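Undergrad: generate coordinates for the sequence data below:
(2 chains)
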Amino acid sequence: MYDYEWDRLKTWLDQYGAIESSVTTPEEITRLDLSGHSLKEIPESFGILVNLLALNLSHNRLSTLPESLKNLSHLSNLDMRRNRFEKLPNLLLNTSLRSLNVSGNALADISILGQCKELRVLDVSSNSLKEVGAVFERDNELRTLNLSSNFLKDIGALLCVLGNLQRLNVSANFISELPESVSNLLSLEEIEMSDNRLEKIDEAFFELDVENVNLTANNLTSLHLHGLDSLEVLTLDENVLEELTMSDDFAPYLRELSCESCGLKEFILPPSTALENLCYASNEISSVPDALQRYTKLVHLDIEGNNIVDLPDTLANLLHLNTLYIGGNPLNEHAKKVIAILDPEICDLNMKSGITIENAKEEDLKEMAELLGILFAIESDFEIDFDKQYAGLKQLYYNKGSDLLVARHENKVVGMLTMQRLISSAEGSFIGQLEDLVVKEEYRVMGVGSRLVNKMRALAYEYGYKRIQLAADINNDNALKFYTRRGLKRTHLSIYHFHL
Amino acid sequence: MKNQEEILKMQVCECGEKSVAQAIDIFQNTALPFKKAKKLVTECNKSCCRVALVKIYDMSVFGKFDYDEIAYVIKQRVERLKRLGEEQEDV
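TA: Next up is the predicted model:
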C-alpha cells in the first residue's frame, strides 16, 4: 500500500542527503544526521521513524520539535546543540534518551530533564542557566555532565545527587565555593572548574578519588593540598596563591602539576615521584631546589618567565627530561652549562625564532634541490643527483596543481614540502600527494615539519581535496613516527617501481 | 550572520589587541604548545580569551576553520563579560 506520509518524509530527508537511496521503509532508519542545514522546523511526520536510535539536529535554527517525536521510544542519542531552543520540549520525557546535547541554545530552565531517568551523558553548556539545584533526583544515572559557560553561582544542591557522576565540567560560571556536598561525588574521575570565582574548597574535596582536577583562573589565595589518593593531574594556573602547601600524603600518583602564573616565590614540590610534567612558568621563583632531581620520571619541565639565575648540577640527572622551557630567566653561565649537559630534545633556548612558512619562489629551487639531497641520503630507493632534483622541482613549480612550501630563516631555505594533485577513483575526486618533506638538521625538533604539514593540509582543505597521502621509507623511523603523531594512518599498500 | 571576512576582522583578544586573522596567522607560524602559543597572541598571562583561542589553535593544527564557531565563542565571551559587568553593578 502506498504510504504518502513516508514518501513525503523520504523526499525531505533525501534533499539533505540524510539517507541512502537503498532505504525503502521508515523502519530501516536508525541513525540520522541533519546537522548544519539551517533548518527552522522538522516535518511532523518524523514520528514514523520508530526505530531511530541517534538523531543529530545540531547547527540549525530550531526552536521547537514536532510532537510526533514522542513516538521515538528507542531514541537514545539526541544532538540539538547550536539551535535556538529557549525551552526544552516536553516530548523528551517520552524518549529513553541516554545522551543529550543541548549546548549553545538559550535555555534558562532544564528542570524537565530530571524526569529523563536514563540520561547518562548531558551537555547543557553555553546556555543561560542560573540555577540547576533541584533538577535531578538521587536515582539519576548521569555519568558525564557539562554545565560550562552558564551563569551558575551555587552548585551545592546539585552535587548532593550526583553519586554516579564520573566527569563534571562547570567551567566559566560564577561559582565561588566548592561546598561540603562535594563529598557525594563518590564516582568522580574528572572535574573541570576553570574560569570561576572559586575562593573556598571544602575539606571533603580532598577525600575524593578524583584523577584529574582543573582549577585554572579562579580566586584561590590559599591552598593546603592533601589526600586525593587517586589524583594524577592537577592544574592550578592563574590563581594568586599567597599560600600553597602540600602534605606528605598528597596525591601519591600525581603525574602532572601545573602552577603557571600563580605569583609563587618558590617551588612547592609534590611528594609523588611519578611526576612526569611540572610547570611553574611565569611566577617569581628565584631558585631551583636540588630536590628536583628526585623526579627521575620527569619528561616536561616548564619554568620559563621566573627570576632563576642558577641551576643545581643535579638537574642533569633527569635522564628522561625531553622538554625544557626556561627562557625569560636571567640565567648565568653555570646554568647554561647544566642545560647543555642535560641536553633536552626540546628547549626554548635552542629554538630559533623568525622561521616562516611560505610558498616557494623560483629562486628557492636550487636550495630546495640541495635539501632533497639530505632526504635521499636516508631513502635507499633514490639517488642524490642535484641536476635531476632541480629539474624535477622546476617542473613541479610550473605544474598546475602542485604546491611547494618552504620554511625560511634569515633568507635561507631550511625546510620544504611539496604536494601534487592526483585524481583518486576511490574517492571520486582530487587528492593531494605529499612528497619531499625535509628539514635541515639544525632546525629539527622546533616544529618546522609540523608547520609545513599543517599549512599544506590547510591548502588541501581549501582546494577541496578528499585526502592527503604520502610514501615514507620504512627504515626512516623518525619520519614514520612523525607522520603517525600528526594523524596520518599507515595503509596496507606498498609502493612498486618499474623504471622506464 | 557575519561572513568569513567580517569574522576574520573580529577582535579575539583585547589584551593583545589581535583579530581572528592575526591569531590564525600567529598560530600557523608557531609549533609551540597551546599555553605558549597563546601568549604570542595575548602578550599577557590572563585567560579571558582562552576559550576562543583554544578553538582557533585546534583549528589551525587541524587545518580547517569553522568561522561560525569562532564567531560564536567570541560572542559568548562578550556575553559573559557583559554579565560579569552587570553582576558587579549589582554588588
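
Undergrad: CA atoms only: put the helix ranked longest in chain A into PDB for me.
TA: Longest helix in chain A, counting residues (DSSP state H): helix A:448-463. Provided in PDB are the C-alpha atoms of helix A:448-463 (Å, rounded to 0.1, in the frame of the first residue of the first chain):
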ATOM      1  CA  VAL A 448      59.200  23.200  11.400                       C
ATOM      2  CA  GLY A 449      58.000  19.900   9.900                       C
ATOM      3  CA  SER A 450      54.600  20.200  11.700                       C
ATOM      4  CA  ARG A 451      54.100  23.700  10.400                       C
ATOM      5  CA  LEU A 452      54.900  22.600   6.900                       C
ATOM      6  CA  VAL A 453      52.400  19.700   7.100                       C
ATOM      7  CA  ASN A 454      49.700  21.800   8.800                       C
ATOM      8  CA  LYS A 455      50.000  24.600   6.200                       C
ATOM      9  CA  MET A 456      49.900  22.000   3.300                       C
ATOM     10  CA  ARG A 457      46.900  20.300   4.900                       C
ATOM     11  CA  ALA A 458      45.100  23.700   5.200                       C
ATOM     12  CA  LEU A 459      45.800  24.200   1.400                       C
ATOM     13  CA  ALA A 460      44.400  20.700   0.700                       C
ATOM     14  CA  TYR A 461      41.200  21.600   2.600                       C
ATOM     15  CA  GLU A 462      40.900  24.900   0.700                       C
ATOM     16  CA  TYR A 463      41.200  23.000  -2.600                       C
END
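
Undergrad: quick one: buried residues of it?
TA: A:448-460 (16 or more other Cβ atoms under 10 Å in any protein chain shown). (Glycine included, C-beta is placed from N, CA and C.)

Undergrad: chain B next: which of those are close?
TA: Subset of the buried residues of helix A:448-463 in contact with chain B: A:448, A:450, A:451, A:454, A:455, A:457, A:458, A:460, counting by Cβ under 8 Å from any Cβ of the partner chain.

Undergrad: quick one on the thing from earlier: could you export the buried residues of helix A:448-463 as JSON lines, including pLDDT?
TA: JSON lines is the format used below for those (pLDDT from 0 to 100):
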{"residue": "A:448", "pLDDT": "88"}
{"residue": "A:449", "pLDDT": "88"}
{"residue": "A:450", "pLDDT": "85"}
{"residue": "A:451", "pLDDT": "86"}
{"residue": "A:452", "pLDDT": "90"}
{"residue": "A:453", "pLDDT": "89"}
{"residue": "A:454", "pLDDT": "84"}
{"residue": "A:455", "pLDDT": "86"}
{"residue": "A:456", "pLDDT": "91"}
{"residue": "A:457", "pLDDT": "88"}
{"residue": "A:458", "pLDDT": "86"}
{"residue": "A:459", "pLDDT": "90"}
{"residue": "A:460", "pLDDT": "92"}
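
Undergrad: ok, back up a step: name the surrounding residues that touch the longest helix of chain A.
TA: Contact partners of helix A:448-463, identified using Cβ atoms under 8 Å, 6 or more residues apart in numbering or on different chains, comprise A:355, A:357, A:403, A:405, A:407, A:414-417, A:419, A:421, A:430, A:432, A:434, A:437, A:439, A:468, A:482, A:486, B:28-31, B:60-64.

Undergrad: change it to 7 Å
TA: The contact list for helix A:448-463 (Cβ atoms under 7 Å, 6 or more residues apart in numbering or on different chains) reads A:355, A:357, A:403, A:405, A:407, A:414-415, A:417, A:419, A:430, A:432, A:434, A:437, A:439, A:468, A:482, A:486, B:28-29, B:31, B:60-61, B:63-64.

Undergrad: per-residue confidence averaged over whichever helix in chain B runs longest?
TA: In chain B, assigned by DSSP H, the helix with the most residues is helix B:67-90. The average pLDDT for helix B:67-90 rounds to 82.

Undergrad: next: stretch A:194-204.
TA: Mean pLDDT, stretch A:194-204: 95.

Undergrad: list the buried residues of it.
TA: So for stretch A:194-204, counting by 16+ other Cβ under 10 Å, buried means A:194, A:195, A:196, A:197, A:198, A:201, A:204.

Undergrad: with stretch A:117-129 instead?
TA: Under the neighbour-count criterion of 16+ other Cβ under 10 Å, stretch A:117-129 has A:119, A:120, A:121, A:122, A:123, A:124, A:125, A:126, A:127, A:129 buried.

Undergrad: report the distance from that stretch to the chain centre.
TA: Using Cα atoms, centre = their mean, to the nearest Å, the distance from the centre of stretch A:117-129 to the centre of the chain it belongs to is 21 Å.

Undergrad: what's the answer for stretch B:32-40, then?
TA: Centroid separation for stretch B:32-40 versus its chain: 13 Å, with Cα atoms, centre = their mean.

Undergrad: returning to what we had before: what residues does the longest helix of chain B touch?
TA: Helix B:67-90 is contacted from outside by A:104, A:126, A:149, A:151, A:172, A:174, B:2, B:4, B:7, B:10, B:12, B:20, B:49, B:51-52, B:55-56, using Cβ under 7 Å, 6+ apart.

Undergrad: out of those, which are buried?
TA: Buried among those (16+ other Cβ under 10 Å): A:104, A:126, A:149, A:151, A:172, A:174, B:7, B:10, B:12, B:20, B:49, B:51-52, B:55-56.

Undergrad: now whichever strand or helix holds residue A:13: mean pLDDT?
TA: If you go by DSSP states H and E, residue A:13 is part of helix A:4-15. In this model, helix A:4-15 has a mean pLDDT of 92.

Undergrad: and it, what's buried?
TA: Here helix A:4-15 shows A:6, A:9, A:10, A:13 as buried, counting by 16+ other Cβ under 10 Å.

Undergrad: turn those into TSV, including distance to residue A:324.
TA: Listed next are the buried residues of helix A:4-15 as TSV, based on distance: Cβ to Cβ, whole Å:
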residue	distance to residue A:324
A:6	64
A:9	61
A:10	61
A:13	56
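
Undergrad: just put those in TSV and tack on distance to chain B.
TA: Formatted as TSV, the buried residues of helix A:4-15 follow (distance: Cβ to the nearest Cβ, whole Å):
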residue	distance to chain B
A:6	33
A:9	28
A:10	29
A:13	24
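
Undergrad: which parts of chain B are helices?
TA: B:4-9, B:20-28, B:34-42, B:50-62, B:67-90.

Undergrad: tell me what angle the longest one forms with helix B:50-62.
TA: Spelled out, that is helix B:67-90. Going by axes from the mean of the first three to the mean of the last three Cα atoms, to 10 degrees, helix B:67-90 is angled at 170 degrees with respect to helix B:50-62.
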